[in-house]
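In: Let's see this in three dimensions:
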Amino acid sequence: MKVTAKITKFFQEAGKLRAFATVCLADAFLITGVRIVECKKGITVFMPSTKDKDDEYRDVCFPIKPELRSQIDTAVLNVYDAGLKENEADGE
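Out: Residues are numbered from 1 along each chain as shown. Predicted coordinates for the structure are as follows:
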């Protein structure tokens with residue numbers, strides 16, 4: 001399946017949230033609100049989520065197959081890394 005990603009917003013603040021992304025699957029399905037977060041294990045991709053009535057967060061959508069999850073993570077992290085490099089080049 002064709003998976004493309006685009007960073008919609010970078011965050012420079014000291015918090016854990018690094019960026020928001022949008023993911024397109026097979027040029028037919030768009031996922032907005034994908035988060036790139038700095039965790040103890042490194043940069044991690046999180047699917048969009050919402051808080052339920054028990055104040056717990058639940059993913060709104062998520063890939064069922066590990067192969068698709070890997071494709072999404074790779075696409076998002078690749079554009080995130082490219083965006084970081086571009087921002088560093090603009091800042092020089």
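In: tell me how far the worst-scoring helix or strand of the chain on mean pLDDT is from the chain's mean position?
Out: Least confident element among the helices and strands of the chain, by mean pLDDT, DSSP states H and E: helix 66-91 (a mean of 89). Once both centres are worked out by Cα atoms, centre = their mean, to the nearest Å, helix 66-91 turns out to sit 8 Å from its chain's centre.
In: packing partners for that helix?
Out: strand 3-10, strand 17-25, strand 29-39, strand 42-46 (3 or more Cβ pairs under 8 Å, 6 or more residues apart in numbering; DSSP states H and E). To be clear about C-beta, it is placed using only N, CA and C from the backbone, and glycine gets the same treatment.
In: How about it, which residues are buried there?
Out: By neighbour count on 16 or more other Cβ atoms under 10 Å, the buried set for helix 66-91 is 71, 72, 73, 75, 76, 77, 79, 80, 83.
In: residues touching the third one, list them.
Out: In this case it means residue 73. residue 45 (Cβ atoms under 8 Å, 6 or more residues apart in numbering).
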